[in-house]
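Novice: build the 3D model from these lines:
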Amino acid sequence: MLALQWQLERSQWWSPERLLEHQFRQIRALAGHAVANVPYYRDTLRTAGVARAEELTPESFRRWPLLPKSLVRENESRLRALRYPREHGALMQNYTTGSTGTPLRVFHTEVAQLFAHALVVREHLLHERDLSAKFGAIRFDAESATQAGWGLMATVFATGPACINSTATDLDALLDWLCEERPAYLLAYPTLLRALVARSRQTGKAPEGLLQILSYGEMLPADLRTLARECWGVTVVDSYSCHELANVAAQCPQHDHYLVHAENVYVEVLRDDGEPCAPGETGRVVATPLHNFAMPLMRYEIGDYAEAGERCPGGRGLPVLNRVVGRVRNMLRDPEGRMRWPRLGLAQWSWDLAAIRQFRLVQHSVHEIEALLVLERELTESEQEKLSAMLRERLGYPFEIRITRVPAIERRRGEKYEEFVSLLDG
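Specialist: All right, here's what the predicted structure looks like:
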């Protein structure tokens, strides 16, 4: 692990050209293995007009067919390699449901797992965190506990203690726990973090000693950085990951944009015509993990859109994503045929409409939006009118708004929480 960190510390400063050359040496090896040992690729590439594996370039690789999640689900057994290098270690597996709720299983090797763990360590070192401090984490299905070290990080370095709690814990109890434990770093889902900050602002109860918030697993709400800075005086450091590929990108220590872990994954941001996006353009995220020889996911469509970035001004050569915009399937559509990702920025609900604890918007038709709300009390008629007006303004169209009170908005294991969900076909 320490040898990998030594390499990663140096490779982040390579030029983009050198990184790309390194990536395609690995892609050519992975592609050759896939064609020889993976039935799915052996069968589908016959008519694709793809260059021979040893001749692949960024241009010719774009002729390699995309791999959407639906095909991974349908072809799980055919995507598994009949054989892979013995030195890559034992076979492991990840499960995810994603936002559709349909299970997806991906197999990987110990080598792929090692790289995934190395990128977790890299992110801590990249942001120069005080490893002797206390680390706090709020995780799905965890139990409240304390432990002597920072989990994975403690297998490599001496660290301070850690405290853990569950996303199922009541929000007020979580805030009490946070104020009592006083961690220097707090890791949690962005939507939960925003709810905690909002609750803190309502109650006047704020954690002491917190240095930084670490968010993961969901799209970062546009206003969370501002709210955390204003209410708690701390910065938010986000990461971009998915269960199928592990960590894809880490936030730059000097900027809000994301640095792709190019040593472990080749990321393309593509326009609708399949060509690469220019910096500032938004497109589909397509990723190829470079070290998984057990189940190669070549040009895998993650299901997200992102905005491509210029080279990082800090000098690193790692590719840049300015922001991760949203899920492909959850675009807002209005009766005039316009489609876009809603940028809600609705954290002010928590104090303008203090009864709202959690929310999700569901589009049932091009005319109707349902607001699912977890409430402390019923909203008054004037509050409902205010909420509906706020939503129409944020969504950019005078939709019919239906307000529904629910006891909870659950997140399945492996599911990213989303504030907006579209149920429209296509």
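
Novice: buried sites along stretch 139-154?
Specialist: Residues F140, G149, W150, M153, A154 are the ones in stretch 139-154 that count as buried (16 or more other C-beta atoms under 10 Å). All C-beta spots, glycine's among them, are computed from the backbone N, C-alpha and C.

Novice: and the end-to-end length of that stretch?
Specialist: 18 Å (C-alpha to C-alpha, to the nearest Å).

Novice: same check, this time on stretch 231-240
Specialist: In stretch 231-240, first residue to last residue: 24 Å (C-alpha to C-alpha).

Novice: ok, stretch 129-139 next?
Specialist: Using C-alpha to C-alpha, the span of stretch 129-139 from its first residue to its last is 20 Å.

Novice: pLDDT of it, averaged?
Specialist: Stretch 129-139 carries an average pLDDT of 96.

Novice: if we can go back for a sec, nearest to P335, of the buried residues of stretch 139-154?
Specialist: Proximity of those to P335 (C-beta to C-beta) peaks at F140, which lies at 37.3 Å.

Novice: chain neighbours aside, what residue packs nearest to the closest one?
Specialist: Spatially, and ignoring its direct neighbours in sequence, F140 is nearest to T167 (5.1 Å; C-beta to C-beta, 6 or more residues apart in numbering).

Novice: quick one: that neighbour from A137, how far?
Specialist: Look at T167 and A137: by C-beta to C-beta, to the nearest Å, they are 10 Å apart.

Novice: what touches both of those two?
Specialist: Counting by C-beta atoms under 8 Å, 6 or more residues apart in numbering, the residues touching both T167 and A137 are A188.

Novice: look at the two and report which has more neighbours.
Specialist: A137 (20 against 16; other C-beta atoms under 10 Å).

Novice: report the beta-bridge partners for the more buried one.
Specialist: Taking DSSP bridges as the rule, A137 bridges to I164, L187.

Novice: spit out the contact partners of R42.
Specialist: Counting by C-beta under 8 Å, 6+ apart, R42 makes contact with V35, A36.

Novice: wait, A112
Specialist: Neighbouring residues of A112 by C-beta under 8 Å, 6+ apart: H88, P289, H291, N292, F293, A294.

Novice: can you give me every residue that contacts the third one?
Specialist: So that's H291. So H291 contacts Q26, T109, V111, A112, F115, N264 (C-beta under 8 Å, 6+ apart).

Novice: max pairwise distance over these: which two?
Specialist: Across these (C-beta to C-beta), the longest gap, 14.3 Å, separates Q26 and T109.

Novice: more neighbours: these two, which one.
Specialist: Neighbour tally, Q26 and T109, criterion other C-beta under 10 Å: the higher count belongs to T109, 22 against 15.

Novice: report pLDDT for the more buried one.
Specialist: On pLDDT, T109 comes in at 97.

Novice: just G426 next, same as before
Specialist: Looking at G426, its pLDDT reads 51.

Novice: who are the contact partners of the residue lying closest to R182 once chain neighbours are set aside?
Specialist: With sequence-adjacent residues excluded and distances taken as C-beta to C-beta, 6+ apart, R182 is closest to G209, at 4.4 Å. Contact analysis of G209 by C-beta under 8 Å, 6+ apart lists R182, P183, A184.

Novice: output those residues as JSON lines; include the columns secondary structure and neighbour count.
Specialist: Output for these, formatted as JSON lines (DSSP: H, G, I helix; E, B strand; the rest coil; neighbours: other C-beta atoms under 10 Å):
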{"residue": "R182", "secondary structure": "coil", "neighbour count": "14"}
{"residue": "P183", "secondary structure": "coil", "neighbour count": "22"}
{"residue": "A184", "secondary structure": "coil", "neighbour count": "17"}
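
Novice: pick the one among the residues you listed closest to L332.
Specialist: Nearest to L332 among these is P183, at 36.7 Å by C-beta to C-beta.

Novice: which residue comes closest to that closest one once chain neighbours are left out?
Specialist: Using C-beta to C-beta, 6+ apart and skipping the chain neighbours, the partner closest in space to P183 is G136 (3.2 Å).

Novice: quick one on the thing from earlier: tell me the one of the contacts of A112 nearest F61?
Specialist: The nearest member of the contacts of A112 to F61, counting by C-beta to C-beta, is P289 at 14.3 Å.

Novice: the closest one and H261, how far apart?
Specialist: P289 is 10 Å from H261, by C-beta to C-beta.

Novice: so between these two, which is more surrounded?
Specialist: Using other C-beta under 10 Å, the more surrounded residue of P289 and H261 is H261, with 29 against 25.

Novice: my read: the more buried one touches Q251, true?
Specialist: No: taking contacts as C-beta atoms under 8 Å, H261 lies outside contact range of Q251: 11.9 Å.

Novice: which is the succeeding secondary structure element to the lowest-mean-pLDDT helix or strand in the chain?
Specialist: Confidence across the helices and strands of the chain bottoms out at helix 349-352, with a mean of 54, counting by mean pLDDT, DSSP states H and E. Sequence-wise, the next helix or strand downstream of helix 349-352 (DSSP states H and E) is strand 356-363.

Novice: partner strands of whichever helix or strand comes after that following strand, parallel or antiparallel?
Specialist: Per DSSP H and E, strand 356-363 leads on to strand 368-375 as the next helix or strand towards the C-terminus. When pairing is defined by DSSP bridges, strand 368-375 lines up against strand 356-363 (antiparallel), strand 400-405 (parallel).

Novice: pull out the buried positions in stretch 207-215.
Specialist: For stretch 207-215, by 16+ other C-beta under 10 Å, it's P207, L210, Q212, I213, L214, S215.
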